[in-house]
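Asks: this one's structure only:
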């Protein structure tokens, strides 16, 4: 359709635009869009249906939507938090934003989108998080559409100590491009300390969206961020919580040490829900730090800069409180090689020695590295500059705030083992087991997890599978249900090594069972019988009743070890559904996948 305006009329319109009211501009924008008027106005007009902006293409202009869709794939809540931050920033700058978990998004709507932002974490060994599996499979399946009209950008969250660092984000980025999508900003891969990279990504995305609009996105980003300040206590501003109790839950003679911690949140204003996690910023063992300093011949009191803001600390304090020294990663080895005179270290990094490098990284720390590949060059500052910031450790919360106001409880297994001729300790778990007493404080924050939550309807039956420390969130679930007076049935499967020494919270579970708060309890103690029995065996023993609960709408929760237990339980559930539902294997897998889609199969695995 030809424009109803000539050049002279268009120039007059430009002069009149600043005098129009917002409603007049909206009406006029709708009329111009309907008549396909190619206005040269510098003033952005918005149609009633959706905000639009002009983007010059050659000598002509096209209307490009300011609608943006953000999809997140998140296991513990980090990716969701980043997605929410991006949403707030974009909405503050006039964009119309739709945000969704990948599991709640209909993949067939993908071809309708023009601007897509992906925020995805990587789980396990390069696998998508649970709520991203279906979307990932769709994109790599035969039904994935051509996306020639799609603009996209991907932010990946990961941990560089894993071999397949940020793999899920890389998958999405590569596949969207292969389907015809155009990047509005290059993919950013984030390690555990990701705040600065996230801000850069959001700013880069805005630059890509606004580039052709002549808007100063950078200044707008900063002003928007200032107006969306985080709550008082957060990951970047942890609360110092006083330790109220620190008890060993295991009996005398146990092979394990499981600590029950109770922390005070009084005065913090911090709230949480059952299923959330608590982040703790730990400190390194001072003996390990001393060994490092002595090995390198450093001065423990020498001041070193610890961040880009120019903060300085004495070397020993910095190594204890600020830097990660117990985990080796490939990026760290690559940086360290530039400070080493060792030819062996460079050989280890060569492509043909990929397997040897992977083997070396496992179970070793910074002290091993400096002992094995000296002599070392460079200053103390150069060396500490290659270290990454100490990441927080996340633990499933083992209490309900309704039952324990101003408190948070944790269930943590102390990690100790021998490897490569030395005793090794978990950074946070050994701190809590060996060096933290009631009255001490710990820097903490809440990590909300919307992917592991009790059903809204308290009459819904729940099935909980949590061996070992995986029992933690189910203690919070049952405490919450007792406080609510929930009528829904509940069934707990717990497992560990020995009944006498390792039945965590035994008296509590027995009381809940007696009072009817817990409907059924089945336990498996693997070392008490000649043939090892695990929770998946107990599930099979009750396959008929368990399937009946599923048919009644029960929600299944699994918490604990991801590599073995969670996979075994997953396969057992499929086997039960196949057998009791008289289905094919394929149909049983589809049944469980549908449960996951309906949030009736939730996992908190690590």
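Replies: The structure has been received and is ready for your questions. As the structure is a computational prediction, the values presented were derived from the model and not from experiment. Numbers count the residues shown, from 1 in each chain.

Asks: Isn't residue 123 up against residue 129?
Replies: Yes - using CB atoms under 8 Å, residue 123 makes contact with residue 129 at a distance of 4.6 Å. The C-beta positions use only the backbone N, C-alpha and C, and glycine is treated the same way.

Asks: Need the overlap of contacts for those two.
Replies: The overlap between the contact sets of residue 123 and residue 129 (CB atoms under 8 Å, 6 or more residues apart in numbering) consists of 75, 168.

Asks: number of nearby residues for residue 515?
Replies: Using other CB atoms under 10 Å, residue 515 has 9 neighbouring residues.

Asks: wait, residue 318
Replies: Neighbours of residue 318 under the rule other CB under 10 Å: 22.

Asks: so how far is residue 505 from it?
Replies: Distance of residue 318 to residue 505, given as CB to CB, to the nearest Å: 39 Å.

Asks: Check residue 474 too.
Replies: Taking CB to CB as the measure, residue 474 falls 9 Å from residue 505.

Asks: do residue 158 as well
Replies: Between residue 158 and residue 505 the computed distance is 34 Å (CB to CB).

Asks: neighbour count winner among these two?
Replies: The residue with more neighbours, out of residue 158 and residue 505, is residue 158; 23 against 20, by other CB under 10 Å.

Asks: Tell me which residues touch the nearest residue to that one once chain neighbours are set aside, please.
Replies: Excluding the flanking residues, the one nearest residue 158 by CB to CB, 6 or more residues apart in numbering is residue 166, at 3.7 Å. With contact taken as CB under 8 Å, 6+ apart, residue 166 is in contact with 122, 156, 157, 158, 189, 190.

Asks: for this protein, what helix or strand is lowest in average pLDDT?
Replies: strand 52-57 (a mean of 37; mean pLDDT, DSSP states H and E).

Asks: Let me know the distance separating the residue nearest to residue 158 from residue 503.
Replies: From residue 166 to residue 503 the distance is 40 Å (CB to CB).

Asks: need the next SSE after the helix or strand hosting residue 481, C-terminal direction.
Replies: Under the criterion of DSSP states H and E, residue 481 resides in helix 472-484. The first helix or strand that comes after helix 472-484 along the chain, using DSSP H and E, is strand 490-496.

Asks: just the angle between that next one and helix 472-484, please?
Replies: If you take axes from the mean of the first three to the mean of the last three CA atoms, to 10 degrees, strand 490-496 sits at 150 degrees to helix 472-484.

Asks: Show me what strand 490-496 packs onto, helices and strands only.
Replies: strand 462-465, helix 472-484, strand 520-525, helix 535-541 (3 or more CB pairs under 8 Å, 6 or more residues apart in numbering; DSSP states H and E).

Asks: right, and these - which one's nearest residue 309?
Replies: Residue 309 lies closest to helix 472-484 among the helices and strands packed on strand 490-496, at 35.5 Å (CB to CB).

Asks: I would like the residues contacting that closest one, please.
Replies: 274-275, 395-400, 402-404, 409-411, 452, 454, 458, 462, 464, 466, 488, 490, 492, 505, 508, 512, 515, 517-518, 557, 559, 604.

Asks: Which of the residues in it are classified as buried?
Replies: Using 16 or more other CB atoms under 10 Å as the test for burial, helix 472-484 gives 472, 473, 474, 475, 476, 477, 478, 479, 480, 481, 482.

Asks: With stretch 565-585 instead?
Replies: Neighbour count says stretch 565-585 has 565-566, 568-570, 572-578, 580 buried, by 16+ other CB under 10 Å.

Asks: again, but for stretch 174-187
Replies: For stretch 174-187, the neighbour count (16+ other CB under 10 Å) marks 175, 176, 177, 179, 181, 184, 185, 187 as buried.

Asks: And the last one, how far from residue 117?
Replies: So that's residue 187. 11 Å.

Asks: what do those two both touch?
Replies: 153, 154, 155.

Asks: So which of the residues you listed is surrounded by the most neighbours?
Replies: residue 155 (32 neighbours).

Asks: List phi and psi for residue 444.
Replies: Main-chain dihedrals, residue 444, degrees, to the nearest 10: phi -130, psi 160.

Asks: ok, now which ones touch the nearest residue to it once chain neighbours are set aside?
Replies: Counting by CB to CB, 6+ apart, the nearest residue to residue 444 once its immediate chain neighbours are dropped is residue 241, at 4.8 Å. Neighbouring residues of residue 241 by CB under 8 Å, 6+ apart: 263, 264, 265, 268, 408, 441, 442, 443, 444.

Asks: Return the member of those nearest to residue 171.
Replies: Nearest to residue 171, judged by CB to CB, of these is residue 444 at 33.4 Å.

Asks: contacting residues around the closest one?
Replies: By CB under 8 Å, 6+ apart, the contact list for residue 444 reads 238, 239, 240, 241, 263, 278, 279, 280, 281, 408.

Asks: Pull out the buried members of those residues.
Replies: 238, 239, 241, 263, 278, 279, 280, 281, 408.

Asks: Figure out the helix or strand that the fourth one lives in.
Replies: This points to residue 263. Using DSSP H and E, residue 263 sits within strand 258-264.

Asks: ok, residues contacting that strand?
Replies: Strand 258-264 has contacts (CB under 8 Å, 6+ apart) with 241-250, 278, 398-399, 404, 406-414, 429, 432-433, 442, 444, 468-469, 502, 504.

Asks: Give me the below-cutoff pLDDT ranges for the stretch 101-250 of the chain.
Replies: Applying pLDDT under 70 to the stretch 101-250 of the chain flags the ranges 212-231.

Asks: all helices for it, in order.
Replies: Counting by DSSP state H, counting those that start in this stretch, the stretch 101-250 of the chain has helices at residues 133-139, 167-178, 195-210, 217-227.

Asks: And the first one, what's buried?
Replies: Which is helix 133-139. 133, 134, 135, 136, 138, 139.

Asks: what does the longest one give?
Replies: For helix 195-210, the neighbour count (16+ other CB under 10 Å) marks 197, 198, 201, 202, 203, 204, 205, 206, 207, 208, 209, 210 as buried.

Asks: I'd assumed residue 84 was in contact with the second one.
Replies: Going back to what we said before, that points to residue 198. No - counting by CB under 8 Å, residue 198 sits too far from residue 84 to count as a contact (11.2 Å).

Asks: Please report the distance of the closest residue to residue 308 other than its chain neighbours from residue 81.
Replies: Spatially, and ignoring its direct neighbours in sequence, residue 308 is nearest to residue 196 (7.7 Å; CB to CB, 6+ apart). To residue 81, residue 196 is 15 Å away according to CB to CB.

Asks: cool, residue 209 as well?
Replies: According to CB to CB, residue 209 stands 21 Å off from residue 81.

Asks: Same check on residue 546?
Replies: 34 Å.

Asks: Give me the more crowded residue out of these two.
Replies: The residue with more neighbours, out of residue 546 and residue 81, is residue 546; 25 against 20, by other CB under 10 Å.

Asks: Checking my notes, the more buried one in a strand, right?
Replies: No - according to DSSP: H, G, I helix; E, B strand; the rest coil, residue 546 belongs to no strand; its state is helix.

Asks: That one: what's it in contact with?
Replies: Residue 546 sits next to 463, 491, 539, 576, 580 when contact means CB under 8 Å, 6+ apart.

Asks: In the buried ones among the contacts of residue 444, find the pair that's most separated.
Replies: Farthest pair in the buried ones among the contacts of residue 444 (CB to CB) is 281 and 408. Separation: 15.0 Å.

Asks: so residue 447 touches residue 273, yeah?
Replies: No - Residue 447 sits out of contact with residue 273 when judged by CB under 8 Å, with a separation of 11.4 Å.

Asks: Which residue of these two possesses the greater neighbour count?
Replies: Taking other CB under 10 Å, residue 447 and residue 273 do not tie; residue 447 has more neighbours (21 against 18).
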